[in-house]
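Q: Here is a sequence with its predicted model. Questions after.
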Amino acid sequence: MTRAGIFSEPDDNDQEALVSTTYVPGPPSDEPIVLTRHALRMLALVDVSLTARRVLDVLLALQDPDSGSVSISQAEMAAELGAGKPAVNRGFKELKQAGLAWLLRRGHYQLHPVLTGGRVAGTAMAVPEINATPAEDFSEQRRTRFAAQVANLAQSA
C-alpha cells in the first residue's frame with residue numbers, strides 16, 4: 001500500500017501493503033488553485049508553524065471550487081501529512097487563531113475568502129480578520145518567541 005491509503009499490488013515481501021490506513025479523499029476538481037499576489041504576500045506574514053502551513057496547503061488543495069470549504073477528518077489529514085492527530089489538531093488551531101481557516105462543523109472547514117477568491121460556504125457567515133504581522137515587526141516577534149522557547153528549555157532541563 002502506498003501513502004494516504006492508495007493501494008498498490010502487494011508482494012510477498014511487502015508487509016506494509018497488508019496494513020490498512022485511513023483513506024484520504026482526492027481533490028474535488030482538477031482545476032488549478034489560484035492565489036492572488038495579495039494573498040501570497042499576506043501568507044508570508046502570517047506566523048504559523050510548519051505543521052500549520054502543511055495543514056493549510058492540504059486544505060487549499062482539497063477545497064471545494066464553489067464554496068472554498070473542505071471536508072476532511074482529523075484522521076484523514078493526519079494520514080495525508082504522515083503526522084499524528086495531536087500535531088494536526090495544533091495546526092488547525094493555529095490556522096483558526098490566524099484567521100485563515102475555521103471549523104464549520106465536525107470534519108468540515110472553511111478557508112478565508114482571501115484564499116478562495118471570495119467563495120464561502122454560507123451567505124451570512126462572519127469572516128474573521130487575518131492576523132498577519134506587519135513586516136517591520138515580524139523578525140522581532142520571531143526573536144521574542146525563540147528567546148521564550150530557549151528560556152523554557154533551560155527551565156525544563
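A: Right, received. Where do you want to start? Numbers count the residues shown, from 1 in each chain.
Q: Using the three-state scheme, assign the closest residue to Leu59 other than its chain neighbours.
A: Distance criterion Cβ to Cβ, 6 or more residues apart in numbering; nearest residue to Leu59, sequence neighbours excluded, is Val70 at 4.9 Å. For glycine as for every other residue, the C-beta is placed from the backbone atoms N, C-alpha and C. Of the three states, Val70 takes strand according to DSSP: H, G, I helix; E, B strand; the rest coil.
Q: Who are the contact partners of Val70?
A: Residues in contact with Val70 (Cβ atoms under 8 Å, 6 or more residues apart in numbering) are Leu59, Leu62, Gln63, Asp64, Ala101, His108, Tyr109, Gln110, Leu111.
Q: mind running it again at 7 Å?
A: Each residue near Val70 by Cβ atoms under 7 Å, 6 or more residues apart in numbering is listed here: Leu59, Leu62, Gln63, Asp64, Tyr109, Leu111.
Q: mind listing which of the residues you listed are in strands?
A: Tyr109, Leu111 (DSSP state E).
Q: From the contacts of Val70, keep the buried residues only.
A: Among the contacts of Val70, the ones that count as buried by 16 or more other Cβ atoms under 10 Å are Leu59, Leu62, Gln63, Asp64, Tyr109, Leu111.
Q: wouldn't Asn89 be in contact with Gln74 here?
A: Yes. Contact criterion Cβ atoms under 7 Å: Asn89 and Gln74 qualify, at 6.3 Å.
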